[in-house]
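> Next one to model:
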Amino acid sequence: MALATDKIGKRYPAVAYAVGREKIREYAAAVGETDPLHHDLEAARAAGFADLVAPPMFAVVYAGRAVWPVLFDPELEIDFAMLVHGAQEFRWGPLVLAGDEVVTEVEVVRIEARSGLGFYALESRSVNQRGEQVCVGTWTQIVRGAAE
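Presented below is the predicted three-dimensional model:
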């Protein structure tokens, strides 16, 4: 099966995410983050922040919502049953706080075949309500049997 390399450069509609205080607390608790900046509003304010600070990897919450539709885009012909997570990396900008409105756009930046596997690299760009780029993510997915 030929990979849909003509879809490199395809961009997807932006997805907005309102960062909530309780979502930050829930995420921090789920991943074992104990820093009071993620749980205690008074501690965050005492440290000079307007509200709770999201842990850096909270990016998977607000950016992930924009990535999921790409994985199910019929034009990419990704067999989700054969997909495995290959790699993920992030470059962070200003901290994300409760009350922020983060908008994420995703672009397909690479599709290639290696050893019978299809590699799909997506780039997410997340911007807050002040126009600051809070995170750029590279999400690499591997599809077994996609390039036989």
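> Measure how buried the residue nearest to residue 39 when sequence neighbours are not counted is and give me the count.
Sequence neighbours aside, residue 25 is the residue nearest to residue 39 in space, at 5.6 Å (criterion: C-beta to C-beta, 6 or more residues apart in numbering). From N, CA and C alone the C-beta is placed, and that goes for glycine too. By the measure other C-beta atoms under 10 Å, the count of residues near residue 25 is 17.
> got it, and residue 88?
15.
> What separation do you get for the nearest residue to it once chain neighbours are set aside and residue 42?
Ranked by C-beta to C-beta, 6+ apart and with sequence neighbours excluded, the top spatial neighbour of residue 88 is residue 139, at 5.6 Å. Per C-beta to C-beta, to the nearest Å, residue 139 is found 36 Å from residue 42.
> Give the residue from these two that has the larger number of neighbours.
residue 139 (23 against 8).
> Buried residues in the helix or strand where that one lies, which are they?
Assigned by DSSP states H and E, residue 139 belongs to strand 133-144. For strand 133-144, a neighbour-count test (16 or more other C-beta atoms under 10 Å) marks 134, 135, 136, 137, 139, 141, 142, 143 as buried.
> circling back: tell me the secondary structure of the residue nearest to residue 39, please.
On the three-state scheme (DSSP: H, G, I helix; E, B strand; the rest coil), residue 25 is labelled helix.
> Centre of the chain to the longest strand along the chain, how far?
The longest strand of the chain (DSSP state E) is strand 101-114. How far strand 101-114 lies from its chain's middle: 9 Å, per C-alpha atoms, centre = their mean, to the nearest Å.
> for the residue most central in space within the chain, what are its contacts?
The centre of the chain sits closest to residue 63, judged by C-alpha atoms, centre = their mean, with a distance of 3.2 Å. Residue 63 makes contact with 104, 106, 124, 126, 135, 137, according to C-beta atoms under 8 Å, 6 or more residues apart in numbering.
> ok, now residue 27?
33, 38, 54, 55, 58, 61.
> switch the cut-off to 7 Å
55, 58, 61 (C-beta atoms under 7 Å, 6 or more residues apart in numbering).
> circling back to that earlier point, you'd agree the residue nearest to residue 39 is up against residue 41?
No - using C-beta atoms under 7 Å, residue 25 and residue 41 do not qualify as a contacting pair, with a distance of 9.6 Å.
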